[in-house]
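*Asks:* Take this sequence and fold it.
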Amino acid sequence: MTDKPRPDLNDTATAPYFEAAARHELVLPYCDRCGLVFFPPREHCPACWSRDLSWRPVSGTGTVWTFTEVHVAFYDDTWADDVPYVAAVIELDEGPRLLANIVESDTGSLAIGDRVEVTFEDRSEDLTLPMFRVVA
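*Replies:* Coordinates of the predicted model:
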């Protein structure tokens, strides 16, 4: 089996996101000039182009905006041990949408609009990824 792709934990635009995830905290970039909370992280605000950004904790709750259940490990055997798995776009209560896996769920009853909350998967000593689970 090949190794799964890893994010660049030293990338200045995304490092705070992964550092917070390692603490099991979900944070997103916030524009100190116009107030936009956005994702994916970048070096400037996508609305006003300001570089005056800070990182703020978000609730970690939202809804399933769309999803797919993956049953085939594409290209090579990298994800063969993970299938089936659910890849979803989660619309956070704060507005931004994130691509993440949904875990701990009965995929047969999963639906667009389901409420979800963040959970964290420690993949290695230095990498933790935010995932989501359905809540009642």
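
*Asks:* and residue 59, how many residues sit next to it?
*Replies:* Neighbour count for residue 59, taken as other CB atoms under 10 Å: 11. Yep, even glycine has a C-beta here, placed from its N, CA and C like the rest.

*Asks:* and what of residue 73?
*Replies:* The criterion is other CB under 10 Å. On that basis, residue 73 has 15 neighbouring residues.

*Asks:* now swap in residue 127 and tell me
*Replies:* 15.

*Asks:* surely it meets residue 4?
*Replies:* No: at 9.7 Å, residue 127 does not count as touching residue 4 under the criterion of CB atoms under 8 Å.

*Asks:* by contact count, what packs against whatever helix or strand residue 68 lives in?
*Replies:* Assessed by DSSP states H and E, residue 68 sits inside strand 61-70. Helices and strands touching strand 61-70, as assessed by 3 or more CB pairs under 8 Å, 6 or more residues apart in numbering; DSSP states H and E, comprise strand 85-92, strand 97-102, strand 115-122.

*Asks:* change it to 10 Å
*Replies:* Strand 61-70 sits against strand 85-92, strand 97-102, strand 115-122, strand 128-134, with contacts defined as 3 or more CB pairs under 10 Å, 6 or more residues apart in numbering; DSSP states H and E.

*Asks:* for those strands, which one sits closest to residue 27?
*Replies:* strand 128-134 (10.0 Å; CB to CB).

*Asks:* how far out from the middle of the chain is the closest one?
*Replies:* Centre-to-centre, strand 128-134 and its host chain are 7 Å apart (CA atoms, centre = their mean, to the nearest Å).
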